[in-house]
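*Asks:* The following block contains a protein sequence and its predicted model.
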Amino acid sequence: MNEYDGQRIEDILVLNGFTKEENPLNADVVIFYTCNIREKAVHKLESTVGMIKSPKTKVIAVGGCVAQAENDNIFKRIPRVNLSFGPSTYHRLPEYLNDLLSNKKKKIIDLNNYRLEKFDIVKRRRKITTSAYVAIQEGCDNFCTYCVVPYTRGREYSRPVIDIITEVKYLVSNGAKEIVLGGQNVNSYHGEAPYITIGSNRRTWRIEELIKAIASIDGIKRLRYLTSHPKDFTIDLMKVHNEVPSLVPFVHIPVQSGSDRILKLMNRNHTAKEYLDKLKMFRDICPDIQFSSDFIVGFPSETEEDFNDTLTLVEKAKYTLSFYFKYSMRPNTPAANMPNQVDEKIKDERLSKLINALLKDQVYYNNKLVGKTQEILITKKGKKENQYIGKNIYMQSVIINSDENIIDQFKTVLIESADENCVFGRLLS
Ligand code: SAH
Ligand code: SF4
């Protein structure tokens, strides 16, 4: 979501006469777009702002969730900041920057919620990539006890179906082939329906209906959605994977922990068994489906026994890939005040044990690809010369060599070898 916001910010500024400068020391305006999920990002922001030592700098702006969470405290914490804007206000940046650059104003803060206006203004893009992210909803009402999102991104908002479809049609007719439907909690989507079906008084559509409508737009090769909450995952949504060929058989369903006691303290609203039953049901309905997940280790009061329950869940779930974090205490969230916060050293130990457990399955899924021919969307340059990195339908990273720049293209690749983090392939066409 932040990457999407960053690209929209770039688009809106360039479309309004600003020029992008790669070196922050040569820029009049330096914008930090921030995430507040874990504490590290805030510290990184403080130290990075300190590195902007240039007489050219006229505006230092902080946007996104750190701005939203810090409120006017941001100006005390980092006095050089003169513009602070929340995640639902960035369409107004051209006006705010002009006011600051012309000295009409000295400091500006805007943490309002202008979602409808924002999505309407930022839908124009300068460059359309093969893989295009489309926000279908924003915010979250789940209030997991460790998480800042409901306070920073705000309450759940679903964009009207017609707006999303219009945006997807515009993207596809200008070259996008992979559409990623995004948001903090996409499977609780309930957007205003484009019409009301005879015999029904339902005025909103669920994600199942939205996916089917989008998939019928000509030219979409791959369709994805993220992120999903386990409790909102329905059998209907699982079945859509069988009905819609462009919908990839890969879903990110974060579980966070395998201990029922911790899941309850986290306010996740499901047990480990209910979660595993859902994965099993999904595999029964759609045999080639694969999963990824997020984990938090060291949640307050997590015991060795709780952590072992997470390891047991990992063994049963069999994830293609995963993301893992040490619990980070976020001010004003319920978990921050829970007793028995876990020692950092224990968090480190548990994290490395968890990574080892997750890698076993990751290596298995990576090795399974060897000898297969796959279609890979090349996303970026690799570390070595002529090296490129792409993603397959399961979001596994594939490394290949090419003499030409093939970024942003779909390529047919023969997978020749694998290690724990990625697979290596040869370009066929
Ligand atoms: N809405 C998504 C996740 C959004 S946040 C969901 O619930 O699945 C992305 C991930 O960051 C979460 O899944 C969680 O694993 C992690 N996270 C959120 N708050 C955290 C915290 N306080 N400490 C550590 N990790 C956290
Ligand atoms: Fe945060 Fe995700 Fe929980 Fe919402 S569902 S509160 S975004 S972790």
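*Replies:* Yep, it's here. Ligands and ions are numbered 1, 2, ... in the order given.

*Asks:* what does the chain put close to ligand 1?
*Replies:* Contact residues (C-beta under 6 Å from any ligand atom) of the chain with ligand 1: 37-38, 140, 146-147, 149, 184-185, 227, 229, 254, 256, 294, 296, 325, 327-328, 330. To be clear about C-beta, it is placed using only N, CA and C from the backbone, and glycine gets the same treatment.

*Asks:* Narrow those residues to those that are buried.
*Replies:* Among the residues of the chain next to ligand 1, the ones that count as buried by 16 or more other C-beta atoms under 10 Å are 37-38, 140, 146-147, 149, 184-185, 227, 229, 254, 256, 296, 325, 327-328, 330.

*Asks:* and ligand 2, which of the residues you listed contact it?
*Replies:* Okay, of these touching ligand 2 (C-beta under 6 Å from any ligand atom), that's 140, 147, 149, 184-185, 229.

*Asks:* now those as a markdown table including distance to residue 213?
*Replies:* Putting those into a markdown table (distance: C-beta to C-beta, whole Å) gives the following:
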| residue | distance to residue 213 |
| --- | --- |
| 140 | 24 |
| 147 | 31 |
| 149 | 27 |
| 184 | 22 |
| 185 | 20 |
| 229 | 22 |
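
*Asks:* Which of the residues you listed fall within helices?
*Replies:* When DSSP state H is applied, these are split such that residue 149 fall in helices.

*Asks:* Need the ones next to ligand 2 among the buried ones among the residues of the chain next to ligand 1 in a markdown table (columns: pLDDT and distance to residue 381).
*Replies:* A markdown table is the format used below for those (pLDDT from 0 to 100; distance: C-beta to C-beta, whole Å):
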| residue | pLDDT | distance to residue 381 |
| --- | --- | --- |
| 140 | 96 | 34 |
| 147 | 97 | 34 |
| 149 | 94 | 32 |
| 184 | 94 | 30 |
| 185 | 95 | 33 |
| 229 | 97 | 34 |
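
*Asks:* Out of the ones next to ligand 2 among the buried ones among the residues of the chain next to ligand 1, which comes closest to residue 71?
*Replies:* Closest approach between those and residue 71, by C-beta to C-beta: residue 149, at 16.6 Å.

*Asks:* Which residue is the nearest non-sequential neighbour of the closest one?
*Replies:* residue 140 (4.8 Å; C-beta to C-beta, 6 or more residues apart in numbering).

*Asks:* Quick check: that neighbour touching residue 189?
*Replies:* No: the pair residue 140 and residue 189 does not pass the contact test of C-beta atoms under 8 Å, sitting 12.0 Å apart.

*Asks:* shared neighbours, the two?
*Replies:* With contacts taken as C-beta atoms under 8 Å, 6 or more residues apart in numbering, residue 140 and residue 189 have no neighbour in common.

*Asks:* three-state assignment of residue 37?
*Replies:* Under DSSP: H, G, I helix; E, B strand; the rest coil, the three-state class of residue 37 is coil.

*Asks:* how many other residues sit next to the closest residue to it other than its chain neighbours?
*Replies:* Computed as C-beta to C-beta, 6+ apart, the closest residue to residue 37 that is not its neighbour in sequence is residue 148, at 6.6 Å. When neighbours are counted by other C-beta atoms under 10 Å, residue 148 registers 21.

*Asks:* Name all residues that make contact with residue 148.
*Replies:* So residue 148 contacts 36-37, 65, 69, 330, 332-333 (C-beta under 8 Å, 6+ apart).

*Asks:* Ok, residue 237 next?
*Replies:* Counting by C-beta under 8 Å, 6+ apart, residue 237 makes contact with 187, 207-208.

*Asks:* before we move on, what about residue 402?
*Replies:* 386, 388, 427.

*Asks:* want to throw those residues into a markdown table with neighbour count?
*Replies:* Putting the contacts of residue 402 into a markdown table (neighbours: other C-beta atoms under 10 Å) gives the following:
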| residue | neighbour count |
| --- | --- |
| 386 | 12 |
| 388 | 24 |
| 427 | 17 |
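
*Asks:* Closest to residue 301 out of the residues you listed?
*Replies:* Among the contacts of residue 402, and counting by C-beta to C-beta, the member closest to residue 301 is residue 388, at 45.6 Å.

*Asks:* Leaving out the residues flanking it, which one is nearest to the closest one?
*Replies:* Distances taken as C-beta to C-beta, 6+ apart put residue 378 closest to residue 388, at 5.0 Å, once the chain neighbours are dropped.

*Asks:* And the next helix or strand past the helix or strand the one you found falls within?
*Replies:* Residue 378 belongs to strand 373-381 when assigned by DSSP states H and E. Counting by DSSP H and E, the next helix or strand C-terminal to strand 373-381 is strand 387-391.

*Asks:* tell me which residues of that next one are tucked away?
*Replies:* Here strand 387-391 shows 388-391 as buried, counting by 16+ other C-beta under 10 Å.

*Asks:* Relative to the whole chain's centre, how far out is it?
*Replies:* Distance of strand 387-391 from its chain centroid, counting by C-alpha atoms, centre = their mean, to the nearest Å, is 20 Å.

*Asks:* relative orientation of it and strand 373-381 in degrees?
*Replies:* 120 degrees (axes from the mean of the first three to the mean of the last three C-alpha atoms, to 10 degrees).

*Asks:* and the angle for the next helix or strand after strand 387-391 with strand 387-391?
*Replies:* Heading C-terminal from strand 387-391, the first helix or strand you meet, by DSSP H and E, is strand 397-401. Per the same axes, to 10 degrees, the angle that strand 397-401 makes with strand 387-391 is 150 degrees.

*Asks:* picking up where we left off before, which ones among the residues of the chain next to ligand 1 lie within strands?
*Replies:* 294, 296, 325 (DSSP state E).

*Asks:* Residue 59: which of the residues you listed is nearest?
*Replies:* Using C-beta to C-beta, those come closest to residue 59 at residue 325, 32.4 Å.

*Asks:* Might you report the residue contacts of the closest residue to the closest one other than its chain neighbours?
*Replies:* Setting aside the residues directly before and after it, residue 325 is nearest to residue 296 in space (C-beta to C-beta, 6+ apart), at 5.4 Å. By C-beta under 8 Å, 6+ apart, the contact set of residue 296 is 146, 256-257, 266, 324-327.

*Asks:* One more: residue 346?
*Replies:* Counting by C-beta under 8 Å, 6+ apart, residue 346 touches residue 298.

*Asks:* Helix or strand for it, just tell me which one.
*Replies:* helix 344-368.

*Asks:* cool, residue 132 as well?
*Replies:* strand 131-135.
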